[in-house]
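K.L.:
sequence first, then the predicted structure, then my questions.
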Amino acid sequence: MLDVDAVRGDFPILNKGVIYLDSAASSLTPEQVVLKEMEFYREYRANVERGVHRFSQRASEEYEAAHEEVAHFIGALGRENVVMVRNTTEAINMVANSIRWERGDKIVTTVIEHHSNYITWLRAAQRHGCSVEAVRSDREGLFDLGDFERAIDDGTRLVAVTHISNVLGCILPVKEIASIAHEHGALVLVDGAQGVPHKETDVLEWGVDYLAFSGHKMLGPTGSGGLYICDEELESTEPLYIGGGTIVDVSLDSFELAVPPMRFEAGTPAIAQVIGLGEACRYLDRVGMEEVELWDRVLAERLVRGLEEIEGVEVYGPIDPGQRVGLATFNVGDMNPHDVALTLDEEYGIAVRSGHHCALPLMKELFHLPEGNVRASTYLYNTLDEVEALLGAVEDIARG
C-alpha cells in the first residue's frame, strides 16, 4: 500500500493548515519538481536546440529527456510522438485545427465532456459544415457501448471522448470505443486530463490516435502538458504554429518542416515547465501508478459512501466506487454550491471546487443544475483522516 506519510513529506504546502481536496482542478507539486525547475534557472538557463555552448547543450539534453520521460509514462513508442503544449485545451485545439475537415464530416463525442473537448468540435462543425453527435450516458455517467456503435458510422471523421469525467469521476472504456471508431475509419482523441494522473496510461494498448493531457493535474508545473500523436498521424497532423525551431530549411519561396516533435513546437518553449513535467512523471513512476490507483480506490470508496450516508446530501456519479476515481460531486439540500464551498474553506479549512466545472451540457442535460455542485477530489497525498474531516464538515453543514 502507498506510504502516504512519506509522500506528504514531499509537499511542504500541506503544512499550511489546509485540507486540499481540489486536485481535479490542479494538483499540488512536490518539492522534487519545484527543485528540478529551479535547477534549470540556477544551473543552465539557456534556450534549447539553438546554441552550441554548454548551457544550451545541457538545457537541450534535459528538455529532450523530459520528452522521453513523458512518452514512457503514457506508453508511447518514443519522444517524437509527444508534443509539449501548455495544457489539454491547447492539445485538443491543435488537433481540431490540423484536420482537413470536409463538409458532412461527423464528430462523435459525449454529453459529459469538459468544454474543451466539446465546444472545440462545435466550432469546427460551424466552420466546416460538419455535424456533432453527443452520446448520452445514464445519470451515473455510465455508457452503453451499443450507443457508440449506433452513433459512429462510416461518415464519422473523429471520435473525441474523455477517459475520466471531471464531474462524475466515471471511467470510460476508451479502448473499446477506439476499436469501434477504427472499424469505421474514424480517428480517436482522448481527453486524458483526469485520466493520466490517476490511471496507468498505455496509448498503444488503447489504440488511440491522439491523447491530450495537462501537467498541472499530475504533480507537474502549470503551463505544461502533452499531445500524443500516433505514428500513422504524425505526418498528416498539421502544426498549429510554425516558425523558429520548426524547420530544417527555408528558401525565399519554400520551407521544409523538421521531424516531430520539433515541427509542432514553434518558438522558445516553456523549457522549465517541460523539464518539471518530466520530473513529475519520474516521481509518479517511483511511487508506482499501480499504488496510486489502489490508494485512489480506497479514498474513493470512503468518500462516496460517506457522502451518501449524510441526510440531505445528493451525490452524483457511479454508485460503485470501483467505477470512478477519487472524485465526488454533491449538493447539500437546496444550498448554493458556492456557499457550501465557501463555508468549507472559511470554517473548516477544506479546499474544494464548486460550480459547473466547465461541463454545462452535463449539468443541463443530466441533472438540471444551473448552479452546478460541489466537487471534492483526492490524490496520492490525501489521507483517510482528511476525507473524514470533509464528511464531518458536510454533515455539520447539512444539519444547519
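P.N.:
Arrived safely, thanks for sending.
K.L.:
quick one: buried residues of stretch 44-61?
P.N.:
Judged by neighbour count (16 or more other Cβ atoms under 10 Å), stretch 44-61 contains these buried residues: 44, 46-49, 56, 58-60. All C-beta spots, glycine's among them, are computed from the backbone N, C-alpha and C.
K.L.:
ugh, wrong one, I meant stretch 144-152
P.N.:
So for stretch 144-152, counting by 16+ other Cβ under 10 Å, buried means 148, 151-152.
K.L.:
now it: average pLDDT?
P.N.:
Mean per-residue pLDDT for stretch 144-152: 98.
K.L.:
how far does that stretch sit from its chain's centre?
P.N.:
Its chain's average C-alpha position is 24 Å from that of stretch 144-152, according to Cα atoms, centre = their mean, to the nearest Å.
K.L.:
run through who's touching that stretch.
P.N.:
108, 133, 135-136, 159, 173, 176-177, 180-181, 184, 186 (Cβ atoms under 8 Å, 6 or more residues apart in numbering).
K.L.:
just give me the neighbour total for the nearest residue to residue 393 once chain neighbours are set aside.
P.N.:
Sequence neighbours aside, residue 348 is the residue nearest to residue 393 in space, at 4.1 Å (criterion: Cβ to Cβ, 6 or more residues apart in numbering). Residue 348 has 17 neighbouring residues, counting by other Cβ atoms under 10 Å.
K.L.:
circling back: of the contacts of stretch 144-152, grab the buried ones for PyMOL.
P.N.:
Applying 16+ other Cβ under 10 Å to those leaves a buried subset, and the PyMOL line that selects it is:
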select buried, resi 108+133+135+159+173+177+180+181+184+186
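K.L.:
doesn't residue 395 make contact with the residue nearest to residue 393?
P.N.:
No: Residue 348 sits out of contact with residue 395 when judged by Cβ atoms under 8 Å, with a separation of 11.2 Å.
K.L.:
quick one: pLDDT of the residue nearest to residue 393?
P.N.:
98.
K.L.:
repeat for the one 10 residues further on
P.N.:
Among the per-residue scores, residue 358 holds a pLDDT of 97.
K.L.:
oh, and call the first residue 14 from now on, that's how I've got it
P.N.:
That works, and once the first residue is 14, the last one we named lands at residue 371.
K.L.:
isn't there a strand covering it?
P.N.:
No: using DSSP: H, G, I helix; E, B strand; the rest coil, the assignment for residue 371 is coil, not a strand.
K.L.:
report the separation between it and residue 218.
P.N.:
Going from residue 371 to residue 218 by Cβ to Cβ, to the nearest Å gives 29 Å.
K.L.:
so those two - more neighbours on which side?
P.N.:
residue 371 (18 against 10).
K.L.:
number of residues surrounding the closest residue to that one other than its chain neighbours?
P.N.:
Leaving out its chain neighbours, the residue that sits closest to residue 371 by Cβ to Cβ, 6+ apart is residue 128, at 4.5 Å. A count of nearby residues for residue 128, using other Cβ under 10 Å, gives 15.
K.L.:
got the contact list for residue 128?
P.N.:
371-373.
K.L.:
out of the buried residues of stretch 157-165, which is nearest to residue 203?
P.N.:
Minimum distance to residue 203 across those is 13.5 Å, recorded for residue 161 (Cβ to Cβ).
K.L.:
which secondary structure element is home to the closest one?
P.N.:
helix 158-164 (DSSP states H and E).
K.L.:
pull the CA atoms of the very next helix or strand once past that helix into CSV?
P.N.:
Going down the chain from helix 158-164, the next helix or strand is strand 169-175, by DSSP H and E. What follows is strand 169-175, C-alpha atoms only, in CSV (Å, rounded to 0.1, in the frame of the first residue of the first chain):
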residue,chain,number,x,y,z
THR,A,169,-17.6,9.8,-38.8
ARG,A,170,-14.2,11.6,-39.0
LEU,A,171,-13.4,11.8,-35.3
VAL,A,172,-14.5,10.4,-32.0
ALA,A,173,-13.4,12.6,-29.1
VAL,A,174,-14.1,11.3,-25.6
THR,A,175,-12.8,11.8,-22.1
